[in-house]
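1. I would like the atomic coordinates for the input below:
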Amino acid sequence: MTNNDTSGNLERFLGNTIKDLRQQHGLTIAEVADRADISRGMLSKIENAQTATSLDTLSKLAAALGVSLSALFRNFDNKTGGAQLVKKGEGMEVVRRGTKRGHTYHLLSYDQGPTKHFEPFLITIDSESETFPAFEHPGTEFIYMLEGKIQYRHGEETYILEPGDSLTFRGDVPHGPDKMMQVPIKFVTVLMYPHED
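-> Reported below is the predicted structural model:
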């Protein structure tokens, strides 16, 4: 980004901030300009990012709006979040190898770019009679039980999982649901993949 781009962004940001504060206080351009001892035309140009202005003028405007000078700059150049919200029931339903009717996977986060670092799923099982193949994958898996009761196998060991229980294990060891003890069963599982150097 060039210096001109940065200063242009700052002027737009300050103009919008000053205008928003003025409107929040229910003040007209004339009222704020009079309080800050600047012309109405100058304030209009500042609000519309049509001119650069001095720190002295900005300080007067801040005082006229009842805020500190630093408050005018507070949110400038903040990084945007890039967070991804998936509302209840809106996770993408996916089909996994070996799964049958009565067993659903909802992917809770997607579009992570070319390299996947993790995959979180909400898994629902509502059939006691279903059998599952053993799964294997690179990385680590984390399970958190929400509802029901299940016997879960990892390698030669089995674990009874109930609501509030969690289980973390290596994904390259054969694992999967072994026995449905109380349905419906609901758990969140997060597959964390190893980083590629």
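
2. tell me which helix or strand of the protein sits lowest on mean pLDDT?
-> strand 92-94 (a mean of 61; mean pLDDT, DSSP states H and E).

3. going on from it, what's the next piece of helix or strand?
-> For strand 92-94, the succeeding helix or strand toward the C-terminus, using DSSP states H and E, is strand 103-107.

4. which elements pack onto the following helix or strand past that following strand?
-> Using DSSP H and E, the helix or strand that follows strand 103-107 in sequence is strand 118-125. Counting contacts by 3 or more Cβ pairs under 8 Å, 6 or more residues apart in numbering; DSSP states H and E, strand 118-125 is packed against strand 103-107, strand 175-192. Yep, even glycine has a C-beta here, placed from its N, CA and C like the rest.

5. try 10 Å this time
-> strand 92-94, strand 103-107, strand 140-154, strand 175-192 (3 or more Cβ pairs under 10 Å, 6 or more residues apart in numbering; DSSP states H and E).

6. angle of it against strand 140-154?
-> Counting by axes from the mean of the first three to the mean of the last three Cα atoms, to 10 degrees, strand 118-125 lies at 30 degrees to strand 140-154.

7. neighbouring strands for strand 118-125, and are they parallel or not?
-> strand 103-107 (antiparallel), strand 175-192 (antiparallel) (DSSP bridges).

8. would you format the helices and strands packed on strand 118-125 as JSON lines with distance to residue 76 included?
-> Shown next, in JSON lines, are the helices and strands packed on strand 118-125 (distance: least, Cβ to Cβ, whole Å):
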{"stretch": "strand 92-94", "distance to residue 76": "36"}
{"stretch": "strand 103-107", "distance to residue 76": "36"}
{"stretch": "strand 140-154", "distance to residue 76": "38"}
{"stretch": "strand 175-192", "distance to residue 76": "35"}
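
9. quick revisit: of the strands paired with strand 118-125, which shows the lowest average pLDDT?
-> Note on the strands paired with strand 118-125: lowest mean pLDDT is at strand 103-107, with a mean of 71.

10. how far does that one sit from its chain's centre?
-> 21 Å (Cα atoms, centre = their mean, to the nearest Å).

11. would you put the C-alpha positions of it in CSV?
-> What follows is strand 103-107, C-alpha atoms only, in CSV (Å, rounded to 0.1, in the frame of the first residue of the first chain):
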residue,chain,number,x,y,z
HIS,A,103,-26.1,-41.3,11.1
THR,A,104,-25.4,-37.7,10.0
TYR,A,105,-22.3,-35.6,9.9
HIS,A,106,-22.7,-31.8,9.8
LEU,A,107,-19.4,-30.0,8.9
